[in-house]
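Asks: No letters, just coordinates:
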Ligand SMILES: NC(=O)C1=CN([C@@H]2O[C@H](COP(=O)(O)OP(=O)(O)OC[C@H]3O[C@@H](n4cnc5c(N)ncnc54)[C@H](OP(=O)(O)O)[C@@H]3O)[C@@H](O)[C@H]2O)C=CC1
Ligand SMILES: Nc1nc(O)c(N)c(N[C@@H]2O[C@H](COP(=O)(O)O)[C@@H](O)[C@H]2O)n1
């Protein structure tokens, strides 16, 4: 399995504002790059916080990239994965439409009612007692043939993936704006590290739109 985390951050490292509303940090070229990365992935992964905040669709937008996938013998769209311990994904969420297959990773804490509401619209994967056990959930996704995972956020999920040692690559577009706010989501939130900080090796720096794309490899992976 290969896990790429991709996110757009403001120059001060925020993913969105303290209102947790979606903000277009990327410019046109970066959104096109993200579309290509989605098209080269088996699944696009987000936490339920992103689903509740943004109601994303997580599909490949460029039809020619979808055609290329079909020519390669892949599904037209990559699968979508929501990490959602208690099954809080709304049944009318865009990620549950029929544009692509969707997996919802739950924990044992998800109620029977929440499972019943989701079961017709998504494949359910259960791993962990209170919170989703990411190592077990990702192993279950791999068993379903999902090898190339692209994680789009948000900050809580990204931190947990680093903590679990699951991230191979980090791609950050740093955009030309300052969002600020001590409660605004950052690239890696959660508890934060106090030791054993993940070490990154810089693979690429490129000017893109009016910002910079940074590609980091996680050392030891
Ligand atoms: N600029 C960008 O590129 C992007 C920005 N965003 C922004 O980020 C914000 C959302 O981020 P955030 O609030 O951090 O939410 P996340 O999308 O990271 O989802 C976090 C939630 O996932 C669930 N979860 C289940 N298991 C785990 C686990 N093991 N580790 C971590 N989380 C787990 C938790 O809810 P529960 O316990 O209920 O399961 C948790 O609250 C929004 O404002 C959105 O706009 C998001 C993506 C990209
Ligand atoms: N790459 C990127 N740049 C930004 O500026 C962003 N705000 C985001 N957000 C992510 O994109 C998701 C929306 O996807 P759809 O267009 O609905 O398919 C959103 O939920 C964030 O994960 N990304």
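Replies: Arrived safely, thanks for sending. Remember, it's a predicted structure, so these values are computed and weren't measured experimentally. Ligands and ions are numbered 1, 2, ... in the order given.

Asks: what does the protein have sitting close to ligand 2?
Replies: Residues of the chain lying close to ligand 2 by C-beta under 6 Å from any ligand atom are 8, 22-26, 34, 46, 50, 54, 56-59, 152-153. Glycine gets a C-beta too; all of them are placed from N, C-alpha and C.

Asks: buried ones in the lengthiest helix in the chain?
Replies: Taking DSSP state H as the criterion, the chain has its longest helix at helix 28-39. Using 16 or more other C-beta atoms under 10 Å as the test for burial, helix 28-39 gives 29-30, 32-34, 37-39.

Asks: mind checking which helix or strand the residue lying closest to residue 131 once chain neighbours are set aside is in?
Replies: Distances taken as C-beta to C-beta, 6 or more residues apart in numbering place residue 85 nearest to residue 131, at 5.0 Å, with adjacent residues excluded. Using DSSP states H and E, residue 85 sits in no helix or strand.

Asks: if I look at residue 85, how far off is ligand 1?
Replies: 3 Å (C-beta to the nearest ligand atom, to the nearest Å).

Asks: which residue ranges form the strands in the protein?
Replies: 2-10, 43-47, 79-83, 102-106, 123-126, 148-153, 169-175, 200-208, 211-218 (DSSP state E).

Asks: Name the residues of this structure found near ligand 1, please.
Replies: Checking the chain against ligand 1 by C-beta under 6 Å from any ligand atom, the hits are 7-8, 15-16, 20, 22, 25, 46-50, 53-54, 83-86, 88, 131-132, 134, 152-157, 160, 185, 189.

Asks: Type out the ChimeraX command that picks the buried ones from those.
Replies: Filtering those down to the buried ones (16+ other C-beta under 10 Å) takes a single ChimeraX command:
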select :7,8,15,16,20,25,46,47,48,49,50,53,54,83,84,85,88,132,134,152,153,154,155,156,157,160,185,189
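
Asks: ok, now which ones touch the residue nearest to residue 182 when sequence neighbours are not counted?
Replies: Closest residue in space to residue 182, ignoring its immediate chain neighbours: residue 18 at 8.0 Å, by C-beta to C-beta, 6+ apart. Counting by C-beta atoms under 8 Å, 6 or more residues apart in numbering, residue 18 makes contact with 181-184.
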